[in-house]
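[1] just need the structure, nothing else, for what follows:
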Amino acid sequence: GRQAVLRLASALAVLSAAWVFVWLLYFQPHTSDRTCYALLLGSQFLGGLRRGIQQPAFDAIFGDSVASGRRSQIYSWLSSLRKLGL
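    This is a model prediction of the structure:
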């Protein structure tokens, strides 16, 4: 269930980071700007896919760990922090 989803999201995070690392060390000095841009878009796609996979499982675990009487307060704090980019 959730644990497998979070493991998949972690694997995508590592893959995305490795993609950027390889791009910086190898592709950037040896390829055109258009190819570099396409590679960066690919990395951003993997990062977005990871967030899309991870977030529902994370929210479910987070919701289960908060007492039901405080859940709305905690969720509004969380939403505010996400909007601030923290």
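[2] ok, then the element right after the helix or strand where residue 4 lies?
    Following DSSP states H and E, one finds residue 4 within helix 2-22. For helix 2-22, the succeeding helix or strand toward the C-terminus, using DSSP H and E, is helix 28-30.
[3] ok, then the element right after that next one?
    With secondary structure assigned by DSSP H and E, helix 28-30 is succeeded by helix 33-65.
[4] elements contacting that following helix?
    With contacts defined as 3 or more CB pairs under 8 Å, 6 or more residues apart in numbering; DSSP states H and E, helix 33-65 has these neighbours: helix 2-22, helix 71-84. Every residue, glycine included, has its C-beta placed from N, CA and C.
[5] mind putting the ones you listed into a markdown table with mean neighbour count and mean pLDDT?
    Formatted as a markdown table, the helices and strands packed on helix 33-65 follow (neighbours: other CB atoms under 10 Å; pLDDT from 0 to 100):
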| stretch | mean neighbour count | mean pLDDT |
| --- | --- | --- |
| helix 2-22 | 14 | 86 |
| helix 71-84 | 11 | 88 |
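[6] can you add distance to residue 55 and give these back as JSON lines?
    Converted to JSON lines, the helices and strands packed on helix 33-65 look like this (distance: least, CB to CB, whole Å):
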{"stretch": "helix 2-22", "distance to residue 55": "9"}
{"stretch": "helix 71-84", "distance to residue 55": "10"}
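[7] for residue 62, find the nearest of those.
    helix 71-84 (7.6 Å; CB to CB).
[8] for that closest one, which helices and strands make contact with it?
    Against helix 71-84 (3+ CB pairs under 8 Å, 6+ apart) you get helix 33-65.
[9] once you drop chain neighbours, what's closest to the residue most central in space within the chain?
    By CA atoms, centre = their mean, the chain has its centre lying nearest to residue 51, at 3.4 Å. Among residues not flanking residue 51 along the chain, residue 9 sits closest, at 7.9 Å (CB to CB, 6 or more residues apart in numbering).
[10] residue contacts, that neighbour?
    50, 51, 53, 54, 57 (CB atoms under 8 Å, 6 or more residues apart in numbering).
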